[in-house]
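**Q** Next input, structure requested:
(one chain, ligands or ions: 1)
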Amino acid sequence: MADPLTLDEVEAAAKKSLPSKIYDFYASGADGQRAVARNRHAFSRLFIRPRVLQDVSDVDTSVELFGVRSALPVGIAPSAMQRLAGGDGEIDVAKAAAGMGLNLTLSSQSTSSLEDVMQAKIDTEKGFPGPPFWMQIYLHDDIQKSVPLIRRAEGKYSLPQYRLVKVHYTSILTIFKSTAAGYQALVLTVDTPVLGNRLAERKEAVVLPKGLSLPNLEKTTPGAKPQPSINRQFMNVRSAAEAKALRAASGSKMHSASLTWERTITELRKVTKMKIILKGIMTAEDAALSVQYGADAIIVSNHGGRQLDETCSTIEALPEVSVAVNGALPVIIDGGVRTGADVFKCLALGADFVLVGRPALWGLAYDGCRGVETVMHILERELSRTMALAGVRSVKEISRGMLGVANRNGF
Ligand code: FNR
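**A** Numbers count the residues shown, from 1 in each chain. Reported below is the predicted structural model:
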């Protein structure tokens, strides 16, 4: 079969190869799946206003984030349980990202340990490190209980011991490597005080097959259970009171409903020097609070439509968020980005960086590590072609004035 030319074609190939239950688990959203659809459709209301005769013989798609250059303004969003898509799951995704010099966020609910993923990055880069990876977490009600996972993400204890007992010069090299081995940022998902109402999972829960586990959680979070089985338990209770009782009885604090602006960032700062990125900001009000409480960056996200269904799309939320932030911190966005032109539109509306979630899973299911590379290469080519056709040479030149909104110009 010829290589797919678009992300939609990669998804179609993945759909063919995946068991329908797994495809549905990845593809679906909450409730009536309006947010999933809206994330996609909102892009088609925007059009690009191209400029011509701008000498676009040399187009540069790279961007700098936290002082590090990335080949593309696009990274890979965290998504749970990637081994269900096939191959080596998160390890294949990490190899693809590291090989292409791209940023990735690992889900705390991954089916590969954060140490193995970091090792795959280091091995792929062969001494020429690209953009750091980030680690996604959900915070416990009691933040101290999240500290063991945070320490592992910092990388201090992540390398095998034997690396530290070699001859003198090698061990210095290795100690240096071990500090560099940590994740740069904690991506704290804040849109999940309770799980969204995912109907497909309620009807037929996805349970991890024998041999697969969630090594980030199981080692550091006693009593943590794979998300789908929690979904099944919590979603099928008859009343909110029953859900509360079940949560208390199960001891599960993976999704904390009691966190507040006053506590969260301040307490996290006391336990780690990692950058703190809030994922799930959808309003100007929360964007302003993110700046006020000192977040290092925010991600405009509605969790790929898997949480609150009746929210707007992320591209619709982006303008008010960028205005509220006013350059005080990087604004990142995910949700429904499927083409290079979508990336362009995000950048024009004020995003500094863009993430894709499901496309990486479709790439993985289509052809493992090579499939994820295929996805990211498609986005790279489409973005670079869109920039040339729109008359811009660098990401910095993409501005708000280059976009129009359908139905506002007298159509
Ligand atoms: C997710 N997402 C997610 N987010 C997060 O913070 N932690 C997680 O473990 C997961 N897991 C997860 C699983 C699956 C199957 C999907 C589809 C999504 C949300 C993800 O990070 C991102 O916000 C969306 O996927 C972005 O939307 P698109 O690109 O998938 O449309």
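**Q** Tell me the residue of the stretch 201-350 of the chain that sits nearest the ligand?
**A** Closest contact between the stretch 201-350 of the chain and the ligand, by CB to the nearest ligand atom, is at residue 304 (2.9 Å). From N, CA and C alone the C-beta is placed, and that goes for glycine too.
**Q** gap between that residue and residue 383?
**A** Distance from residue 304 to residue 383, counting by CB to CB, to the nearest Å: 21 Å.
**Q** repeat for residue 26
**A** 24 Å.
**Q** Equivalent analysis for residue 331, please.
**A** In terms of CB to CB, residue 331 sits 18 Å off from residue 383.
**Q** Also residue 145?
**A** Distance check for residue 145 against residue 383: by CB to CB, it reads 41 Å.
**Q** more crowded one of those two?
**A** More crowded of residue 145 and residue 383, by other CB atoms under 10 Å: residue 383, with 25 against 15.
**Q** Show me the shaky parts of the stretch 201-350 of the chain.
**A** 219-255 (pLDDT under 70).
**Q** What parts of it come near the ligand?
**A** Contact residues, the stretch 201-350 of the chain versus the ligand (CB under 6 Å from any ligand atom): 279, 301, 303, 304, 306, 334, 335, 336, 337.
**Q** which one is the third one nearest to, not counting chain neighbours?
**A** Closest residue in space to residue 303, ignoring its immediate chain neighbours: residue 191 at 5.2 Å, by CB to CB, 6 or more residues apart in numbering.
**Q** now do the first one
**A** By the measure of CB to CB, 6+ apart, the closest residue to residue 279 outside its immediate chain neighbours is residue 299, 4.1 Å from it.
**Q** What residues sit buried inside the helix or strand in which that neighbour is found?
**A** Using DSSP states H and E, residue 299 falls within strand 297-300. For strand 297-300, burial by neighbour count (16 or more other CB atoms under 10 Å) applies to 297, 298, 299, 300.
**Q** Return the residues in contact with whichever residue of the chain sits closest to the ligand.
**A** Residue nearest to the ligand within the chain: residue 357 (2.1 Å; CB to the nearest ligand atom). Neighbour list for residue 357: 76, 77, 78, 79, 304, 334, 335 [criterion: CB atoms under 8 Å, 6 or more residues apart in numbering].
**Q** can you tell me which of these are in strands?
**A** With DSSP state E as the criterion, strands contain 76, 334 from among the contacts of residue 357.
**Q** Tell me the most packed of the contacts of residue 357, by neighbour count.
**A** Greatest neighbour count in these, by other CB under 10 Å, goes to residue 335: 32 neighbours.
**Q** check contacts around it.
**A** Contacts of residue 335 by CB under 8 Å, 6+ apart are 39, 300, 301, 302, 304, 305, 313, 314, 315, 357.
**Q** now the end-to-end length of stretch 289-301.
**A** The stretch stretch 289-301 measures 16 Å between its terminal residues, going by CA to CA, to the nearest Å.
**Q** Spatially central residue in this protein, please.
**A** A centroid search over the chain (CA atoms, centre = their mean) returns residue 77, at 1.8 Å, as the residue closest to the centre.
**Q** Quick check, it in contact with residue 356.
**A** Yes: checked against CB atoms under 8 Å, the pair residue 77 and residue 356 is within contact range at 6.2 Å.
**Q** what sits in contact with each of these two?
**A** Joint contacts of residue 77 and residue 356 (CB under 8 Å, 6+ apart) are residue 334.
**Q** tell me the pLDDT at residue 381?
**A** For residue 381, the pLDDT comes out at 98.
**Q** pretty sure it is in a strand, no?
**A** No: counting by DSSP: H, G, I helix; E, B strand; the rest coil, one finds residue 381 to be helix, located in no strand.
**Q** was I right about it contacting residue 340?
**A** Yes: contact criterion CB under 8 Å: residue 381 and residue 340 qualify, at 7.0 Å.
**Q** And the two? Which one has more around it.
**A** With neighbours defined as other CB under 10 Å, residue 381 and residue 340 compare such that residue 340 has more, 22 against 13.
**Q** Kindly check the end-to-end length of stretch 343-357 for me.
**A** Terminal residues of stretch 343-357 lie 13 Å apart, using CA to CA.
**Q** Stretch 270-289 too?
**A** Terminal-residue distance, stretch 270-289 (CA to CA): 19 Å.
**Q** can you pull the buried residues of that stretch?
**A** Across stretch 270-289, burial judged by 16+ other CB under 10 Å covers 274-282, 284, 286-289.
**Q** Kindly report the same for stretch 50-60.
**A** 56, 59.
**Q** How about residues contacting it?
**A** Contacts for stretch 50-60 (CB under 8 Å, 6+ apart): 384, 387, 388, 389, 390, 391, 392, 393, 394, 395, 402.
**Q** ok, the last one - contacts?
**A** Under the criterion of CB under 8 Å, 6+ apart, the contact list for residue 402 reads 48, 49, 50, 51, 348, 390, 392.
**Q** Quick check: chain neighbours aside, which residue is closest to residue 395?
**A** residue 63 (5.1 Å).
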